[in-house]
Structure formats: C-alpha cells, structure tokens
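# My questions are about this predicted structure, shown below with the sequence.
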Amino acid sequence: MIKAKERRTFIIGVGMTQFIKPRGTRETSDMGLEAATKALIDAGINYDCIEAAFCGYCYGDSCCGQRALYNLGMTGIPITNVNNNCSTGSTALYQANMLIKYGAVECAMALGFEQMQPGSLPPTSFPDRKPPLEPWSLATDEIQGGTKLKGPTAARMFGNAGKEYIAKYGGRDEHLAKIAAKNHQHGSKNPYAQFRKRWTVQQVAASPKVTDTLSLLMCCPTSDGAACCIIASEDFVHAMSLENQAIEIIAQTMRTDNSVTFEDKTAMEIVGFSMTQKAADAAFRAAGFGPGMGRDQVGVVELHDCFAANELITYDALGLCKPGQACHFVDSGNNTHGGQYVINPSGGLEAKGHPLGATGLGMHFYITTQLRNWAGPMQAPGLFDSNAKRGKYGLVHNIGLGGAVVVTLLRRPEFWVDGGEDGRTRLGYNHAHEVRPITKTDVERARSQRDFSPTLLTQAKL
C-alpha cells in the first residue's frame, strides 16, 4: 500500500460555552456561534480562513451544523455533520485533522454542540425502530442476569465494567468514590463546569444509588453546551504568526469495535476496554514510542469519565498504570496534583458536564490551554519543568458506545515562543479560565467579510 505524505497539524484556536443543565434556554445555533466566534478570535482569524468544517451533535435535526455556522458566513465551504455518540466531538476533530494532515486544506474547523433533555439518556430517539445499541443492551442484560435490573442502561454498562475490574484485580467501591471526589474537587476550580461543588469521598459514596455499583455523584449529568477547535497546517501557523499559541497534534488515532466486544462476554469489553487499549497503543506508536512506552512523558490527561467506573478501567486501558493496578493507582494519588499525572483537571464529565457533541472538543480545549500554560487555577504543575523545550505531552481520550474511541497526543512545537499578542489579548481576557458571553462586536470581528447574511444574525441570541 502506498502511504500518502503526512503533514504536521496544529490546534490554533479554541472556544467554549459554559456547560449548563438542560433547560431549553439556549439553541444549538447560538451556542455554536459563541464557541466558534471565541475560537476564531483566539486564532486571530475570521471565518474566511476556514476551508472546511465538521459539526458534531447527537440530538438534533439534519444540517444543524450549517445553521450554526451560517451565522458567521455563507461562504460555500464543505460542512459535514457528524454523529458518533459520546465520541462525536473528537470524531469531528479527527475528520478536520485528516484534511489538514493530507494536504486537502490549510485551515479547518471542528465544532460540537448539544441541547439535551433533562435526566438519563433515553434508550432511543426513534421509538419506531430498534436502536443500534440494542446488542450492547442485550449483552449487558445477559451478563447481569435477571430482568429487574437497577438503573439506566448506560449506567449499568459502565458500572458493571468497574465492578468486574474490581472483582478481577482487587479493590473496593470506595475507589470509585475517590475518583468522583477527585473530579468534583478539580471541577470546583472550573468556571465552565456544570457542577462546581466539592464533595468528600464519604459524601460521594453516600449519595443516592443509581445502580448497585454507582452512586449519583459518580455519574455525569446531561448538559447543554458547545466547544470548537480550529486546526491548521504548519505553513498556516507561521503565516499567521501563531508560534506563541499553536499546539501540535503529535498523534491522533480512532478505533471502532472488534468482535471481542460481544464474543469475550465481559462487561469491560462491552464498554470498549480493548478498543481504548488499541487506540492508545497506536497513538503512542505514531508518536514514535516503542511498545508500552511514552506514558511517562505525559503530564496532563482529559479522559472519558462518563462514570467513575470508566475512569478506573481507562487508567489501565491507556497504560497510565500497570495492568490490573488501577485501584492502587488511585490510592497512590498519581491521578491528581502532586502525582504522576493530573487527570481531568477540568473536573471531567462528572463535574463539568457531558453535552455529547461538545464533550470531545471541550477535552481538547482544556488540554490545549494547559499546554499553553493558560489554565490558571486548573493548571497542571510541572508540564514545562524538564529540559525539553516542548515540555510534556497532553493526552485526550473520548469514547462512545456503539462504538468509537479517539485518542490524541498533543505537545508544544519546537518553534514555540513566549510573549507577543495571543488569544488572550485579542479576546480581552483569558478564556481558558474565565467565561464571558460574546458580543455583536466579537461576531463582526469573526464573521466572513466576503459573504455574510445580516438576516440570520438578527435571529441569533448572543
């Protein structure tokens, strides 16, 4: 097979809305406009520079991506709508990254948003047909046995995986409570987070039971919100003088299920344990590391803690701890400040929220701002203490049942320079840890100067 020549790719602009409790107060088009406007101003460009866009969401009609981006311009670029369950946002980013990497365009956008219903996820949005996740549900019921099973299906799937891991390798439900308490403590410092209250391990464990394994505070909430990342080539970075904020995508891999998901007959495989394992190994291999190597070069991680149980097993699947040692890893404190990694400094999905289409892009927002050293009270220490000018790697893990997982390794480029005008200057504040709404002036700066519809913008709520 002839392999196409690959180019280096960089995240040059990021933007987010606050993740909020679903109340139907914000439309996806308005949230998308806010996140995209912030990302464009952060990058110091306008919408005319965007040559293609991928827009991720799970709950919405066709062409929601166009509706959101047409507020910024109607320039005729390809806009593709993406739905890959909880990994939707990172899937959109993966597609944009591939266009840059293989030379199709110089600058592309990945935008994700979601307007959700309160409460647990419904089994399906289309009750007139079988849901695509039915095989996962049936396999979960078979593993648990019986028909009177406590809790929503997704919570049972991930709760079973954590229970299985603890039974196989040793541990206690307290380890899940420790993970959730750690995430809520981190989230208390994040103004974008849906939940900002600290909870002790005892309070997490004592919160109402959702399944026989998971308590309420071990589960992520449904959320409304949006996030955006702008990707560009190295030539574009230099042409726009973005050497002081461009973060390189060193490696990014995407995997879907293998037959082991159903044939292994285990709860861990139903939720994608080996799918994550293979994606992580491929990402580190693409970054130039040998088998099992490179994890010690990572300093900060945003991983998919839809439930505390998934964070537990993902430590192992990503290779952040020795096989079977995830509970010991929790006890050692190597998942938080003062340990080997700071994992989910944003508070993770459990604290910051989980608007499905925005989640993965939000993770990349947080790691990008960490590697820029802009994260303020959320900043992971020690990322730039080594002699290596580029500092440590940041890692993103975003998984969706059904299924797909994206793993990304990011790092400062060797041409990084400090100082000068950057996104904080252009926005007028540090949006890495300060939330402000956009203004009409912001949109005027970010929108297309070539082809723009004033009529559409009059319908937007800023």
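Structure's in. What do you need?
# in this protein, which spans are strands?
Assigned by DSSP state E, the strands in the chain fall at 9-16, 52-56, 79-82, 107-114, 225-233, 247-255, 298-302, 342-343, 393-400, 404-411.
# Including mean pLDDT and distance to Tyr315, could the ones you listed go into TSV?
Every C-beta, even on glycine, is put in place using the N, C-alpha and C of the backbone. Putting the strands of the chain into TSV (pLDDT from 0 to 100; distance: least, Cβ to Cβ, whole Å) gives the following:
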stretch	mean pLDDT	distance to Tyr315
strand 9-16	98	25
strand 52-56	98	26
strand 79-82	98	28
strand 107-114	98	25
strand 225-233	98	24
strand 247-255	98	18
strand 298-302	98	9
strand 342-343	98	8
strand 393-400	98	10
strand 404-411	98	14
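# want to throw the ones you listed into CSV with distance to Ser207 and mean neighbour count?
Output for those, formatted as CSV (distance: least, Cβ to Cβ, whole Å; neighbours: other Cβ atoms under 10 Å):
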stretch, distance to Ser207, mean neighbour count
strand 9-16, 27, 27
strand 52-56, 31, 27
strand 79-82, 34, 19
strand 107-114, 25, 31
strand 225-233, 23, 31
strand 247-255, 33, 22
strand 298-302, 24, 25
strand 342-343, 21, 28
strand 393-400, 24, 28
strand 404-411, 28, 26
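# any idea how far Val186 is from Leu149?
Actually, residue 186 is His rather than Val. As judged by Cβ to Cβ, to the nearest Å, His186 and Leu149 stand 32 Å apart.
# Neighbour count for these two, which is higher?
Neighbours of His186 and Leu149, each counted by other Cβ atoms under 10 Å, are more numerous for His186; the result is 25 against 15.
# That one: what's its closest spatial neighbour, skipping adjacent residues?
Excluding its sequence neighbours, the residue lying closest to His186 (Cβ to Cβ, 6 or more residues apart in numbering) is Gly347, at 4.7 Å.
# again with Leu214
Using Cβ to Cβ, 6+ apart, the nearest residue to Leu214 is Gly159, at 4.4 Å.
# Check Asp30 too.
Lys461 (4.9 Å).
# So for the residue nearest to the spatial centre of the chain, what's the pLDDT?
Closest residue to the average C-alpha location of the chain: Gly360 at 2.2 Å, with Cα atoms, centre = their mean. Here the pLDDT value assigned to Gly360 is 98.
# Also Gln144?
87.
# burial count for it?
For Gln144, the neighbour count with other Cβ under 10 Å is 18.
# circling back to that earlier point, spit out the contact partners of the residue nearest to the centre of the chain.
Residues in contact with Gly360 (Cβ atoms under 8 Å, 6 or more residues apart in numbering) are Gly56, Ser87, Thr88, Gly89, Ser90, Thr91, Ala92, Leu93, Gly112, Val396, Asn398, Val406.
# Nearest to Phe126 among those?
Distance to Phe126, by Cβ to Cβ, is smallest for Thr88 among those, at 17.2 Å.
# excluding its backbone neighbours, what's nearest that closest one?
Closest residue in space to Thr88, ignoring its immediate chain neighbours: Gly56 at 3.9 Å, by Cβ to Cβ, 6+ apart.
# What's opposite the one you found in the beta bridge?
Listed by DSSP bridges, the beta-bridge partners for Gly56 are Val82, Gly112.
# which residues does it contact?
Neighbours of Gly56 in contact, by Cβ under 8 Å, 6+ apart: 81-84, 88-89, 91-92, 110-113, 357-358, 360-361.
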